[in-house]
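In: quick check, what structure comes out for this input:
(chains A, B and C)
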Amino acid sequence: MGFQTEMVVMSIKEIGYSDENALLELLLTYKALGDEDALGNCSTSGCAPLRVEHGDDLDFESSNGDDDASDTQPSSGDCGDENFIRKMSEKDKKINPLVHMGFSENDANMAITRCGMDADLSVLVDSISASLVARDFDLSNHQVMNRCSDSFRGTKKIRLMEDRKKKRKRYGGTAHGNQIFLDGSHYEHMPPPNPMVGFSLPNYSQLSVDRKIPKKAIGRPFFYYENVAQALTGVWATISSSLYGIQPEFVDSKHLCAAARKRGYIHNLPIENRAPLLPLPPKTILEAFPRYKKWWPSWDTRTQFNCLRTSVACQQLTGSIGALARTGNPPPRNIQKDIIKQCKVYNLVWIGKNKVAALEPEEIEYLLGFPKDHTRGLAITNRYKSLGNSFQVDTVAYHLSVLRGMFPNGVTVLSLFTGIGGGEVALHRLGIHMRTVVSVEIDKTSKRIFRGWWDQTQTGTLIEFDDVKSLTDAKVASLVTRFGGFDLVIGGSPCNNLAGCNRYSRDGLEGKESVLFYEYPKILEAVEDAMSRM
DNA sequence: GTAATCATGAATCTTAAA
DNA sequence: TTTAAGATTCATGATTAC
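Out: Predicted structure coming up:
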């Protein structure tokens, strides 16, 4: 194994992709393909900083020599591998008929890499066709991820196939993703790393990350997309393939604050020299809320909250838990277990002797990194809902912190699905001036909260749109011209149809609300096109 | 009409045990 | 290594209260 190949495998393993054999197979395939895609290499060890010129016109370019794709290639020391030769021979047999059908050799190669050597010809044709109608993506990373899961064997693979069958049945085979990838490659598994620590965390040693960003996606406009980490199988592969195949950064905010929040982030931001918001937020329940220590029973061993969601426990439940807690001092073990289980599900706190309650909205604001009373003025159910749908500010700010040095004169932001402004609060707390924010948010109560915060804290320009669908290419181009382009396109699209706690309509990316995801890459592309013409 | 309340599993991941 | 059990999850719709 060449040194560089080994390094890549180790790097990917460290961030959670554990099938070394699959990776080796992939790298051999890469070698065979010659990997004509010019990959931008943004590894932690090899990424030079982006050059930024400030002035009337901003010009960004990579200076890390990414025109030379050989930096990312495996060494040539494995050419004699018999297995490799055999694979290439088999591959040629697959490629030839496809080339005769009029597809390019490269497209055929890519399809085989995506679908696997055993895929039927019809499946390969479908895959190539899908690729051609899709955007001009660099799918290199997507291949890496898919190939990792292609290596599933035995029962796991059978289970995966069964899952796919279930989904096809459930979605009727008409889902957005299904229509494009009939080979099912979008349903490939993309397991989040364990522990879910992303590419780096404050006060932790930097992980070794081999992160590739296609050349087209390097630099301005920077983009930052967010959604729930534990979506249905295949969702993140689809999201990733729609965003240049960039590998998601999965982070559980429990590593930065006192509440879990497992989210995936796809972005083209540099990952070196990140800095957290200070002061660092408390990471345990009792550090965050010391007043509860007086009533917290020793047998309730929780130290952190689970995910803060859009609804909270009803009074009947908290009342019945109190009754259970009074069954003994302490209550019997089995009762303790039941109580803790409910407390975990609903994030209950001990506010008195044998008395539990749901967190107050201002406590959730605090845990999520928002200013006190950020959502005050809304009905309480709307406060819970809007907060449950928002970013964890410290987490997002940590990722966005790299913008501070790049844009000392402030940023122009296109904010999609703004909500109550988690991204903007993060930028503000980082001390990054927002010259202009074009905000798109359809919910009136969230808009009210965001507008109120903006008026109190900001001096820049706020432009508001209601519906992402109203943002046509022409309108985007007009905004780009008016504001000199965007420095950051940020947003997390609706998770309603992805979230695990949705019992009624967890329909995936083609669900009623979550389908709006597709507006994000569409608008991002419109921004990039308009900016390329500037 | 609006807001509050409450009951409603399953997909997926993690951990423990065989 | 495989299997089983446990744990977690940016929610939704029907009903009730105001």
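In: what about the helices in the stretch 301-450 of chain A?
Out: Secondary structure of the stretch 301-450 of chain A, counting by DSSP state H, counting those that start in this stretch: helices at A:315-325, A:333-346, A:361-368, A:380-388, A:393-400, A:403-406, A:422-429, A:444-457.
In: shaky segments in the stretch 101-250 of chain A?
Out: Applying pLDDT under 70 to the stretch 101-250 of chain A flags the ranges A:101-189, A:205-207.
In: cutoff 90 now
Out: Where the stretch 101-250 of chain A drops to pLDDT under 90, the residues are A:101-194, A:203-212.
In: returning to what we had before: compare the helices of the stretch 301-450 of chain A and give me the one nearest A:F222.
Out: Nearest to A:F222, of all the helices of the stretch 301-450 of chain A, is helix A:403-406, at 6.9 Å by Cβ to Cβ. Just so you know, the C-beta spots here come from the backbone N, C-alpha and C atoms, and that holds for glycine as well.
In: who's in contact with that closest one?
Out: A:50, A:52, A:222, A:269, A:273, A:275, A:411, A:427, A:430-432, A:487-488 (Cβ atoms under 8 Å, 6 or more residues apart in numbering).
In: quick one: buried residues of it?
Out: Across helix A:403-406, burial judged by 16 or more other Cβ atoms under 10 Å covers A:L403, A:R404, A:M406.
In: do the same with stretch A:459-468
Out: Going by neighbour count (16+ other Cβ under 10 Å), the buried part of stretch A:459-468 is A:L462, A:F465, A:V468.
In: which one of those residues sits closest to DNA strand B?
Out: In terms of Cβ to the nearest atom of the strand, no member of the buried residues of stretch A:459-468 lies closer to DNA strand B than A:F465, at 22.3 Å.
In: so who does the closest residue to the closest one other than its chain neighbours touch?
Out: Computed as Cβ to Cβ, 6 or more residues apart in numbering, the closest residue to A:F465 that is not its neighbour in sequence is A:V440, at 4.5 Å. With contact set as Cβ under 8 Å, 6+ apart, A:V440 has these partners: A:L414, A:S415, A:L416, A:F417, A:T418, A:E464, A:F465, A:D466, A:D467, A:V468, A:L471, A:G491.
In: mind putting the residues you listed into JSON lines with pLDDT and distance to DNA strand B?
Out: Output for those, formatted as JSON lines (pLDDT from 0 to 100; distance: Cβ to the nearest atom of the strand, whole Å):
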{"residue": "A:L414", "pLDDT": "98", "distance to DNA strand B": "29"}
{"residue": "A:S415", "pLDDT": "98", "distance to DNA strand B": "24"}
{"residue": "A:L416", "pLDDT": "98", "distance to DNA strand B": "25"}
{"residue": "A:F417", "pLDDT": "98", "distance to DNA strand B": "21"}
{"residue": "A:T418", "pLDDT": "98", "distance to DNA strand B": "20"}
{"residue": "A:E464", "pLDDT": "98", "distance to DNA strand B": "20"}
{"residue": "A:F465", "pLDDT": "98", "distance to DNA strand B": "22"}
{"residue": "A:D466", "pLDDT": "97", "distance to DNA strand B": "17"}
{"residue": "A:D467", "pLDDT": "97", "distance to DNA strand B": "19"}
{"residue": "A:V468", "pLDDT": "97", "distance to DNA strand B": "23"}
{"residue": "A:L471", "pLDDT": "97", "distance to DNA strand B": "27"}
{"residue": "A:G491", "pLDDT": "98", "distance to DNA strand B": "23"}
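In: the residue of the stretch 251-400 of chain A found nearest DNA strand B - how many residues pack around it?
Out: For the stretch 251-400 of chain A and DNA strand B, the shortest gap (Cβ to the nearest atom of the strand) falls at A:C314, measuring 2.7 Å. The number of residues packed near A:C314 is 11, by other Cβ atoms under 10 Å.
In: measure it to DNA strand C for me?
Out: Distance, A:C314 to DNA strand C, using Cβ to the nearest atom of the strand, to the nearest Å: 9 Å.
In: can you tell me which of the helices of the stretch 301-450 of chain A is nearest to A:V476?
Out: helix A:422-429 (18.4 Å).
In: quick revisit: how about TSV for the helices of the stretch 301-450 of chain A, with mean pLDDT added?
Out: Formatted as TSV, the helices of the stretch 301-450 of chain A follow (pLDDT from 0 to 100):
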stretch	mean pLDDT
helix A:315-325	95
helix A:333-346	96
helix A:361-368	98
helix A:380-388	98
helix A:393-400	98
helix A:403-406	98
helix A:422-429	98
helix A:444-457	97
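In: turn these into a markdown table, columns for distance to A:A477.
Out: Shown next, in a markdown table, are the helices of the stretch 301-450 of chain A (distance: least, Cβ to Cβ, whole Å):
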| stretch | distance to A:A477 |
| --- | --- |
| helix A:315-325 | 52 |
| helix A:333-346 | 47 |
| helix A:361-368 | 35 |
| helix A:380-388 | 31 |
| helix A:393-400 | 26 |
| helix A:403-406 | 24 |
| helix A:422-429 | 23 |
| helix A:444-457 | 24 |
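In: among those helices, which comes closest to A:P248?
Out: helix A:393-400 (12.0 Å).
In: how many residues are close by the closest residue in space to A:G410 that isn't next to it in sequence?
Out: In space, and not counting its chain neighbours, A:G410 is closest to A:H433: 3.4 Å by Cβ to Cβ, 6+ apart. Counted with other Cβ under 10 Å, the neighbours of A:H433 add up to 15.
In: gap between A:H433 and A:Y265?
Out: Look at A:H433 and A:Y265: by Cβ to Cβ, to the nearest Å, they are 23 Å apart.
In: still on that earlier bit, how near is the residue of the stretch 251-400 of chain A closest to DNA strand B to A:N389?
Out: The value you get for A:C314 to A:N389, if Cβ to Cβ is used, is 20 Å.
In: also A:A358?
Out: To A:N389, A:A358 is 17 Å away according to Cβ to Cβ.
In: which ones among the contacts of A:V440 come in contact with DNA strand C?
Out: A:F417 (Cβ under 7 Å from any atom of the strand).
In: now, among the contacts of A:V440, which is nearest to A:K444?
Out: A:K444 lies nearest to A:D466 out of those, by Cβ to Cβ, at 8.7 Å.
In: any idea how far A:C307 is from the residue of chain A found nearest DNA strand C?
Out: Here the residue of chain A nearest DNA strand C is A:G500; by Cβ to the nearest atom of the strand that distance is 2.2 Å. In this view, A:G500 and A:C307 are 9 Å apart by Cβ to Cβ.
In: then A:L400?
Out: Distance of A:L400 to A:C307, given as Cβ to Cβ: 21 Å.
In: again, but for A:S439
Out: To A:C307, A:S439 is 25 Å away according to Cβ to Cβ.
In: okay, those two: which has more neighbours?
Out: Higher neighbour count among A:S439 and A:C307: A:S439, with 25 against 20, using other Cβ under 10 Å.
In: tell me who's in contact with that one.
Out: A:S439 neighbours (Cβ under 8 Å, 6+ apart): A:S415, A:T418, A:G421, A:E424, A:K447, A:F450, A:L462, A:I463, A:E464, A:F465.
In: now do A:V228
Out: Contacts of A:V228 by Cβ under 8 Å, 6+ apart are A:K262, A:R263, A:G264, A:C495, A:L498, A:A499, A:G500.
In: quick check: A:G219 vs A:S240, distance?
Out: 19 Å.
In: out of those two, which sits in the busier spot?
Out: Counting neighbours by other Cβ under 10 Å for A:G219 and for A:S240 shows that A:S240 has the greater number, 24 against 20.
In: helix or strand for the more buried one, which one?
Out: helix A:235-242 (DSSP states H and E).
In: helices and strands around the helix or strand following that helix, which ones?
Out: Later in the chain than helix A:235-242, the nearest helix or strand by DSSP H and E is strand A:249-252. Helices and strands touching strand A:249-252, by 3 or more Cβ pairs under 8 Å, 6 or more residues apart in numbering; DSSP states H and E, are strand A:262-267.
In: okay, now the sheet partners of the strand it packs on, with direction.
Out: Its sheet considered, strand A:262-267 pairs with strand A:222-228 (antiparallel), strand A:249-252 (antiparallel) by DSSP bridges.
In: run the angle between the longest one and helix A:235-242 for me.
Out: Think strand A:222-228. 160 degrees (axes from the mean of the first three to the mean of the last three Cα atoms, to 10 degrees).
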